[in-house]
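Novice: Just need the structure, nothing else, for what follows:
(one chain, ligands or ions: 1)
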Amino acid sequence: MVSGAMVGEVMTTGDEALSKRGAVELVSVTKRYGGTTAVDAITLKIPAGGYCCLLGPSGCGKSSTLRMIAGHETISDGDLIVDGQNIGDQPPAKRGTAMMFQDYALFPHLDCVDNVAFSLRMRGVGKTERRAKAREMLALVHMEAFAQRMPAQLSGGQQQRIALARALLTNPHVLLLDEPLSALDPFLRVKMRAELRRLQRELGITFIHVTHSQEEAMALADLVVVMEDGHIRQAGTPRDVFNHPRTPFIARFIGGHNVVPAKVEAVEGGLVRLSGPGTGHFTVPLGSHVPPAAGGSMHFAVRGDRVALARPGVGDASPNQLTARATGAEYNGQTVRLTLSAEGLEDFVVLMDEAAYHADPIEDGATVRASWTPEVSHLLDVQ
Ligand code: ADP
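Specialist: Next comes the predicted model:
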């Protein structure tokens, strides 16, 4: 059993971890389908025993990347290294990887034991031995009681456990999961994702999980890899990526941030002063950015849950103030999601504690003043 990294802690990414069983490295890997470049020279190190989520919108190249690692798709260019071996030319069964498909791909005419044992049957393992091994795997996913059932007699969540047991039977170093939770209802999805995390920690093998859900990636991953248009735009721990999305695309995709376009006025003592949109003036930490030239355009991000709202005229010394009009309020349980609009800025979102909101509700069309401290904002790169 491997103790995974703590929630939000940085995983080991050194060479020591990469030399272990289950370490995966992509070196300038490209996938072309005819004239379409689906994955464009991506380089990525996934430490052994980690939970990695490939995250991005539909069509960004996540599944192609996973299928190349599995060996179900050829690599057009670049190297794939698993367990320290370049395995780009190896057939799927020789890679130490196993894949769990989105639709589970169970055989309808076989019961659970035979479904799980199928790959051993193909390898000529005797019936008693392969069924015993399959039962072990069923126990691992808490499905012993369903051993004799046919897939049609199982719920979606149970079918998924069978598919998982089948993938794990081959004793993979790396388990590849393509949108494994997308066919489940929201309640079961949350339950199964905790199960996946438990299994990954218990087995200590590397999981690479494709998803378009930022919530799923945040909940599961040690390493979140955000993809866009066949490129990796950011890779880091969930906390890194959530707190410091690097580009406007990532900030919007990860959520929780407002992206504000602005013009650079000056850089002074580690702070960047910006103007616009409208009459707004803002101060954002320079952070590790190269100081931008005055007069240039850039975007910054500000956390929606760290913005304070006040009625106009109420005093506030904050250097970041935006006068805006309330355009909508959505009740989300713990929070109310308020949308504001100002000159040159649509859909600025403020998340308010629901009790605070209801103590003094802001009606649609009201003018409000949003303010925040510089530390809850950061500059964004173009790409
Ligand atoms: P994602 O998993 O992020 O949705 P994919 O890897 O499935 O993305 O697809 C990336 C791009 O490659 C898309 O533009 C898609 O249309 C294209 N693509 C995927 N599979 C094939 C294929 N077999 N033949 C041609 N184009 C494909």
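Novice: How about the closest residue to the ligand within the stretch 101-250 of the chain, nearest residue that isn't a chain neighbour?
Specialist: Among all residues of the stretch 101-250 of the chain, V210 sits closest to the ligand, at 6.2 Å; criterion: CB to the nearest ligand atom. For the C-beta atoms, the positions are set from N, CA and C on the backbone; glycine is no exception. Nearest in space to V210, with sequence neighbours left out and distances taken as CB to CB, 6 or more residues apart in numbering, is K62 at 4.4 Å.
Novice: before we move on, what about M352?
Specialist: In space, M352 is closest to V336, 4.9 Å off (CB to CB, 6+ apart).
Novice: Check E144 too.
Specialist: L138 (5.1 Å).
Novice: So the one you found is in contact with Q148, correct?
Specialist: No - the criterion here is CB atoms under 8 Å, and L138 misses it with Q148 at 10.6 Å.
Novice: More neighbours: those two, which one.
Specialist: Taking neighbours as other CB atoms under 10 Å, L138 and Q148 compare with L138 leading, 24 against 10.
Novice: Wait, a helix at the more buried one?
Specialist: Yes - using DSSP: H, G, I helix; E, B strand; the rest coil, the secondary structure at L138 is a helix.
Novice: For L164, see how far away it is.
Specialist: In this view, L138 and L164 are 10 Å apart by CB to CB, to the nearest Å.
Novice: circling back to that earlier point, and the residue of the stretch 101-250 of the chain closest to the ligand, what element?
Specialist: Applying DSSP states H and E as the criterion places V210 in strand 206-211.
Novice: I'd like the next helix or strand past that strand.
Specialist: Counting by DSSP H and E, what follows strand 206-211 is helix 214-220.
Novice: coming back round to it: next, the residue nearest to M352: secondary structure please.
Specialist: strand.
Novice: Would you mark the buried spots in stretch 20-38?
Specialist: Within stretch 20-38, the residues that count as buried by 16 or more other CB atoms under 10 Å are 20, 22-27, 29-32, 37-38.
Novice: Check whether that stretch comes into contact with the ligand.
Specialist: Yes - with CB under 6 Å from any ligand atom as the criterion, the ligand is reached by stretch 20-38 at 33, 36, 38.
Novice: Over to stretch 181-199?
Specialist: No - counting by CB under 6 Å from any ligand atom, the ligand has no neighbours in stretch 181-199; the shortest distance is 11.4 Å.
Novice: Run the chain-centre distance for that stretch.
Specialist: 15 Å (CA atoms, centre = their mean, to the nearest Å).
Novice: got the domain boundaries for the chain?
Specialist: 5-243, 248-379 (automatic domain parsing).
Novice: Secondary structure class of the closest residue to the ligand within the stretch 251-383 of the chain, three-state.
Specialist: Closest to the ligand within the stretch 251-383 of the chain is F253: 12.4 Å, counting by CB to the nearest ligand atom. Secondary structure, three-state DSSP: F253 is helix.
Novice: got the contact list for it?
Specialist: Neighbouring residues of F253 by CB atoms under 8 Å, 6 or more residues apart in numbering: 55-57, 214, 226, 228, 245.
Novice: which one of those residues has the most neighbours?
Specialist: Neighbour max across those (other CB under 10 Å) = L55, 29 neighbours.
Novice: so that one touches E228, yeah?
Specialist: No - counting by CB under 8 Å, E228 is not a contact partner of L55; they are 10.0 Å apart.
Novice: The stretch 51-200 of the chain against the ligand: which residues are in contact?
Specialist: 56, 58-64.
Novice: The stretch 51-200 of the chain: helices as residue ranges?
Specialist: Along the stretch 51-200 of the chain, counting by DSSP state H, counting those that start in this stretch, helices occupy 62-70, 112-122, 127-140, 156-168, 186-203.
Novice: Using CSV, lay out those helices together with mean pLDDT.
Specialist: Listed next are the helices of the stretch 51-200 of the chain as CSV, based on pLDDT from 0 to 100:
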stretch, mean pLDDT
helix 62-70, 98
helix 112-122, 90
helix 127-140, 94
helix 156-168, 91
helix 186-203, 92
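Novice: Same list (the ones you listed) but as CSV, adding distance to A370.
Specialist: Listed next are those as CSV, based on distance: least, CB to CB, whole Å:
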stretch, distance to A370
helix 62-70, 35
helix 112-122, 55
helix 127-140, 51
helix 156-168, 42
helix 186-203, 31
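Novice: still on that earlier bit, shared neighbours of L138 and Q148, anything?
Specialist: What both L138 and Q148 touch, as defined by CB under 8 Å, 6+ apart, is the set 112-113.
Novice: could you measure C52 against the ligand, distance?
Specialist: 15 Å (CB to the nearest ligand atom, to the nearest Å).
Novice: What number of residues are in the vicinity of that residue?
Specialist: 25.
Novice: now do Q383
Specialist: 12.
Novice: Identify the residues contacting it.
Specialist: Here Q383 is in contact with 233, 247, 249 (CB under 8 Å, 6+ apart).
Novice: Out of the residues you listed, list just those in helices.
Specialist: F249 (DSSP state H).
Novice: now the contacts of Q383 as a markdown table including neighbour count, pLDDT and distance to the ligand?
Specialist: What follows is those, written out as a markdown table (neighbours: other CB atoms under 10 Å; pLDDT from 0 to 100; distance: CB to the nearest ligand atom, whole Å):
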| residue | neighbour count | pLDDT | distance to the ligand |
| --- | --- | --- | --- |
| R233 | 21 | 98 | 13 |
| T247 | 19 | 97 | 17 |
| F249 | 20 | 97 | 14 |
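Novice: Retrieve the pLDDT associated with the residue nearest to P285 when sequence neighbours are not counted.
Specialist: Among residues not flanking P285 along the chain, P374 sits closest, at 5.6 Å (CB to CB, 6+ apart). At P374, the model reports a pLDDT of 95.
Novice: what about P374, distance to Q102?
Specialist: P374 is 43 Å from Q102, by CB to CB.
Novice: Nothing else from me, thank you.
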